[in-house]
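Colleague: Model the structure of this input:
(one chain, ligands or ions: 4)
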Amino acid sequence: MRKRGSARTTGCRRGRAAAARRSGLILYAVLVILAMVSLVAVSLMFRVQADLQAATAGQAAGQAYLAALSGIQRAVLVLRTGPDDPEALRDNEAMFRDQLVCDDGAEQWYFTVYAYNDQDPGIVRYGITDEATRINVNNRPRENRATLAALPGMTDELIDALIDYVDPDDMPEAQGAEAQSYARLDHPYLIANADLTTLGELLLVRGFDAPVVYGEDANRNGLLDPNENDGDITFPPDNTDGVLDRGLAGFVTTVTREPDVDGEGNPRINLNGDPESLQNAGLPDQALTFIARYRMEGHQFNDPSELLGEEAGIGPGQIADILDRFTAFPTGDLTAILGPPAGGRGMSVERFDPFELDGLAPESPAPSSRPAQANPPRAGRVNVNTAPVEVLAMVGDMGEQAARRIVEHRTLLEADQARTPAWLLTEELVDEELFKRIAPILTTRSYQYRVQAVGYGLPSGRFCVLEAVIDLESGRPRVMHLRQLTRLGAPFALTGPPQR
Ligand SMILES: [Ca+2]
Ligand SMILES: [Ca+2]
Ligand SMILES: [Ca+2]
Ligand SMILES: [Ca+2]
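Modeller: Numbering: from 1, shown residues only. Ligands and ions are numbered 1, 2, ... in the order given. Have a look, this model is predicted:
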């Protein structure tokens, strides 16, 4: 009995031990499963958190972009309401500085529109930049060589390379470089053979490197930052003279152009164009004779200011009207009319007599029967009514003295006088010779404006920097370029409006 009983007890013990082993196994399995589940949960949690962070960051970047875009929109608004009020555009804290866009509960979003301040280079101004206060490198670089040569850091070699980059031919200038030279580079590329569209495109022209184009202003904020005045210790290289070298970017543009129309909005008459419209333009006999002779000799006019002088009988008193109503751009079909160039055989009055000089009767000009055709837009000129001394001094290399006289005198002008650059001559600020040199590079109109805007959030400090060019040529402000400069860093400390 005992034996059977003890056998039963042993059997029971065995059963209990097996059950304990089983439940130990189950516990172990449950623990493993629990560990795995919590691992999955933790990794899922990390992922959700990362996604959330990414979404928040993306949203903040988007908000900063939109805040900066609001700054560009504000500039459009100011241009629409008052393009003729230079102070509203130049430095206007009430419209452009630390403007609140929205408060989303977590962040307050602002924008500031800023520009280089030529009157106090230590601080920015809160305004936009009239691009016609700069020299357009696309404006006939071959003819306007003297102006380009006056730019900082410019050399003959650079000018030749620039001419070749923009001219349509494949003939290199003396020190220039055409497509063949670029094809031989380690990393060859095609060149535009057309106008530069942006300042940055200058970097593609042989010899134009970042120090030439952007000077010491590596972050392009128009301010002298510590790394821009410490020599070679930190990027960029600089000369530690305490003055910001802005490179060509401080003086040059690629975006200016204007409709080639007179004060009343009619297309100007081309001195190289259709003889009939010239004949009917009410020019004095002597001027018509001069134009006819000049063109029969195979020349083309570069600018209507060439009529100034005894030969054409146009004096300072008439030049304002001439500059307003006339223009001079090359005409393709003129060569066809003229035949071979000057000195070539076959040039005769019989073959080309645009003005029928004998039968000319300017007293009773017959109205032109043809509808006026639009001229191509005139490539960027410098606005003599708005450009600073340092830029005017480079125009035709006129020098600082003449430029200073002009800038000092222009505040005294009547609105009507300021319509054409003729006032430089009538107010006796420049002589005839200098006038003829600078007139082809001067205008009295501005159509394009550059805007730099930073959008930023507080307290995060997240920001976005945008640069835009706004064009008024069509009558309505239009954004013609928009570029992100965020990767260059915040242009200055972004602290929000001063506490009141
Ligand atoms: Ca060429
Ligand atoms: Ca800087
Ligand atoms: Ca440096
Ligand atoms: Ca310097």
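Colleague: thought Gly215 was touching Val252?
Modeller: No. Applying CB atoms under 8 Å as the test, Gly215 and Val252 come out as separate, 11.3 Å apart. For every residue, glycine as well, the C-beta is placed using N, CA and C.
Colleague: At the contact with ligand 4, which residues of the stretch 201-350 of the chain appear?
Modeller: Glu216, Asp238, Asn239, Asp241, Val243, Asp245 (CB under 5 Å from the ion).
Colleague: model confidence over the host helix or strand of Leu434, on average?
Modeller: Here Leu434 is covered by helix 432-438, with elements defined by DSSP states H and E. Across helix 432-438, the average pLDDT comes to 95.
Colleague: Name the residues of that helix that are buried.
Modeller: Judged by neighbour count using 16 or more other CB atoms under 10 Å, the buried positions of helix 432-438 are Leu434, Phe435, Lys436, Arg437, Ile438.
Colleague: what residues are up against the third one?
Modeller: Taking CB atoms under 8 Å, 6 or more residues apart in numbering as the contact definition, Lys436 lies against Ser305, Glu306, Leu308, Gly309.
Colleague: on that earlier part again, which ones among the buried residues of helix 432-438 come in contact with ligand 3?
Modeller: Counting by CB under 5 Å from the ion, no member of the buried residues of helix 432-438 is near ligand 3.
Colleague: Mind putting those residues into TSV with distance to ligand 1?
Modeller: As requested, the buried residues of helix 432-438 are exported to TSV (distance: CB to the ion, whole Å):
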residue	distance to ligand 1
Leu434	29
Phe435	30
Lys436	26
Arg437	24
Ile438	26
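Colleague: circling back: between the contacts of Lys436, which has the most around it?
Modeller: Ser305 (26 neighbours; other CB atoms under 10 Å).
Colleague: hang on, Met36 is in a helix, isn't it?
Modeller: Yes. Membership of Met36 in a helix is supported by DSSP: H, G, I helix; E, B strand; the rest coil.
Colleague: what about the strands in the stretch 151-300 of the chain?
Modeller: Counting by DSSP state E, counting those that start in this stretch, the stretch 151-300 of the chain has strands at residues 252-253, 257-258, 269-270.
Colleague: Give me whichever of these is most buried.
Modeller: Of all the strands of the stretch 151-300 of the chain, strand 252-253 carries the top mean neighbour count, a mean of 24, counting by mean count of other CB atoms under 10 Å.
Colleague: Against which helices or strands is that one packed?
Modeller: strand 135-136 (3 or more CB pairs under 8 Å, 6 or more residues apart in numbering; DSSP states H and E).
Colleague: can you list contacts of the strand it packs on?
Modeller: So strand 135-136 is contacted by 147-148, 151, 251-257, 379-382, 391, 394-395, 441 (CB under 8 Å, 6+ apart).
Colleague: any idea how far stretch 296-307 is from the chain center?
Modeller: 31 Å (CA atoms, centre = their mean, to the nearest Å).
Colleague: Show the end-to-end separation of it, please.
Modeller: 16 Å (CA to CA, to the nearest Å).
Colleague: quick one: Val395 and Asn383 touch, right?
Modeller: No. The pair Val395 / Asn383 is not scored as a contact, 10.6 Å apart, by CB under 8 Å.
Colleague: Quick check: neighbours shared by those two?
Modeller: Contacts common to Val395 and Asn383, judged by CB under 8 Å, 6+ apart, are Leu442.
Colleague: quick one: which of the two has more around it?
Modeller: Comparing Val395 with Asn383 by other CB under 10 Å, the one with more neighbours is Val395, at 26 against 23.
Colleague: Surely Trp109 touches Gly62?
Modeller: No. Here Trp109 does not reach Gly62: they are 10.7 Å apart, not a contact under CB under 8 Å.
Colleague: How many neighbouring residues does the residue in the stretch 251-400 of the chain that ligand 1 sits nearest to have?
Modeller: Closest to ligand 1 within the stretch 251-400 of the chain is Pro330: 16.2 Å, counting by CB to the ion. Applying other CB under 10 Å, we find 12 other residues in the vicinity of Pro330.
Colleague: how about it, what does it touch?
Modeller: By CB under 8 Å, 6+ apart, the neighbours of Pro330 are Asn272, Gln300.
Colleague: next one: Ala422
Modeller: So Ala422 contacts Pro316, Ile319, Ala320, Leu323 (CB under 8 Å, 6+ apart).
Colleague: In the contacts of Lys436, find the pair that's most separated.
Modeller: Ser305 and Gly309 (9.6 Å; CB to CB).
Colleague: beta partners for Cys464?
Modeller: Gly455 (DSSP bridges).
Colleague: Quick one: residues contacting it.
Modeller: Contacts of Cys464 (CB under 8 Å, 6+ apart): Ala61, Ala64, Tyr65, Ala67, Ala68, Val454, Gly455, Tyr456, Gln484, Thr486.
Colleague: tell me which of these is nearest to ligand 4?
Modeller: After measuring those against ligand 4 - CB to the ion - the closest member comes out as Val454, at 23.9 Å.
Colleague: List the contacts of the nearest residue to that closest one once chain neighbours are set aside.
Modeller: Leaving aside its sequence neighbours, Val454 sits nearest to Val465 (CB to CB, 6 or more residues apart in numbering; 4.9 Å). By CB under 8 Å, 6+ apart, the residues touching Val465 are Ala68, Gln452, Ala453, Val454, Gln484, Leu485, Thr486, Leu488, Ala490, Pro491.
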